[in-house]
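Visitor: Whatever this is, show me its structure:
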Amino acid sequence: MSLRFMSLASGSSGNCYYLGNNEYGLLIDAGIGIRTIKKTLKENSIAFEKIIGLLITHDHADHIKSAGCLGEKYGIPVYTTSDILAGMNRSYCMSEKIYSAGRIIHKEVEFALCDFVITAFEVPHDGSDNVGYFVRYGNHNFAFATDLGHITERVARYLCQANYLVIEANYDEEMLQQGSYPYYLKKRIFNDHGHMSNAATAEFLANNINEHLRYIFLCHLSRENNHPELAYKTVEYSLYQQGIRVGKDVQLIALKRNHASEYYEFE
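Guide: Predicted structure coming up:
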């Protein structure tokens, strides 16, 4: 069966992604309202009752808002590490806490949900704990690295195996430096455990792209310190300098912050 992907929202205000086939699927993060999740899935003919699991990357508000509701009210298992789960249950933004729905996973120990084989891997960020996900489905390899301050060798090992890559391009360095954010927040974002800039993501991709990579999805773009067109052009130019032509050698998409993306199907 073909693999299907959609971003329901991707930005500093909320993040949620769908990965599935024509029978069932997963959600990665749930940082938007439950009504929006259900409405967006329905508009794309995805049955909400066919969601077999929710994977959580870390415990920040824009990734967990509806996780408790999905888990405890709707009975969707919530997969994450013990430290992330504890952080979620301490969070002010998740009104319904997770008890029976929680499923503890361990980094770099793969587990299966139906035909999806999933591995969580450590990423450098400033949540209680932080992971990316590498998902194998048949011959398809999908990697998610949505919030991270820099790319370690361990992270790169997973990203370089991907056919489809969701990777952060959070901010433009000049926009952040010249912007209105207070110094402490700028420092946090620039930090090695903060977020990836357009330039840093572009450099990694240009230096590590291989023939297996088919799609790059730029995610978690800042509303105040980035523009989708700017993130796209920064990465496109870096790839061009390496002789990689966007649209022919690889597909590049800057995901929308507050709206659903197209519904992609990969054979």
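Visitor: Show the average pLDDT along the longest strand along the chain.
Guide: Taking DSSP state E as the criterion, the chain has its longest strand at strand 3-11. Averaging pLDDT along strand 3-11 gives 96.
Visitor: remind me which residues of the protein are low pLDDT?
Guide: For the chain, no stretch has pLDDT under 70.
Visitor: quick one, helices of it?
Guide: 34-43, 61-64, 67-68, 82-90, 153-159, 173-178, 183-190, 198-208, 228-241 (DSSP state H).
Visitor: For residue 85, which residues are in contact?
Guide: By C-beta atoms under 8 Å, 6 or more residues apart in numbering, the contact list for residue 85 reads 56, 78, 98, 102, 104. Every residue, glycine included, has its C-beta placed from N, CA and C.
Visitor: Next, work out how far apart the first one and residue 110 are.
Guide: Spelled out, it's residue 56. 17 Å (C-beta to C-beta, to the nearest Å).
Visitor: can you check the third one too?
Guide: Here residue 98 is placed at a distance of 22 Å from residue 110 (C-beta to C-beta).
Visitor: likewise the last one?
Guide: Taking C-beta to C-beta as the measure, residue 104 falls 14 Å from residue 110.
Visitor: same thing with residue 224?
Guide: To residue 110, residue 224 is 37 Å away according to C-beta to C-beta.
Visitor: what's the burial count for residue 202?
Guide: Neighbour count of residue 202, defined by other C-beta atoms under 10 Å: 22.
Visitor: Pull the contacting residues for it.
Guide: Neighbour list for residue 202: 169, 234, 235, 237, 238, 239 [criterion: C-beta under 8 Å, 6+ apart].
Visitor: By neighbours, which of those wins?
Guide: Ranked by neighbour count (other C-beta under 10 Å), the contacts of residue 202 have residue 169 at the top, with 30 neighbours.
Visitor: who touches that one in this structure?
Guide: Per C-beta under 8 Å, 6+ apart, neighbours of residue 169: 196-198, 201-202, 218-221, 226, 231, 234-235, 254.
Visitor: still on that earlier bit, when residue 56 and residue 110 are compared, which one has more neighbours?
Guide: Counting neighbours by other C-beta under 10 Å for residue 56 and for residue 110 shows that residue 56 has the greater number, 30 against 13.
Visitor: From residue 130, how far off is the residue nearest to the more buried one when sequence neighbours are not counted?
Guide: Sequence neighbours aside, residue 80 is the residue nearest to residue 56 in space, at 3.9 Å (criterion: C-beta to C-beta, 6 or more residues apart in numbering). Here residue 80 is placed at a distance of 10 Å from residue 130 (C-beta to C-beta).
Visitor: Pull up the overlap in contacts between the two.
Guide: By C-beta under 8 Å, 6+ apart, the residues touching both residue 80 and residue 130 are residue 57.
Visitor: circling back: can you tell me which of the contacts of residue 85 lies nearest to residue 208?
Guide: The shortest approach to residue 208 among these belongs to residue 56, at 26.4 Å (C-beta to C-beta).
Visitor: give me every residue that touches that closest one.
Guide: Per C-beta under 8 Å, 6+ apart, neighbours of residue 56: 29, 30, 63, 64, 67, 78, 79, 80, 84, 85, 88.
Visitor: how about a cut-off of 10 Å?
Guide: 27-31, 63-64, 67, 71, 78-81, 84-85, 87-88, 98, 102, 105, 120, 127, 129, 131, 133 (C-beta atoms under 10 Å, 6 or more residues apart in numbering).
Visitor: Count the neighbours of the nearest residue to residue 175 once chain neighbours are set aside for me.
Guide: Nearest non-adjacent residue to residue 175, counting by C-beta to C-beta, 6+ apart: residue 225, 4.6 Å away. Residue 225: 25 surrounding residues under other C-beta under 10 Å.
Visitor: for residue 131, same thing?
Guide: When counting by other C-beta under 10 Å, one arrives at 29 neighbours for residue 131.
Visitor: you'd agree it is up against residue 109?
Guide: No - with contact defined as C-beta atoms under 10 Å, residue 131 and residue 109 do not form a contacting pair (11.5 Å).
Visitor: Common neighbours of the two, please.
Guide: Both residue 131 and residue 109 are contacted by 119, 120, under the criterion C-beta under 10 Å, 6+ apart.
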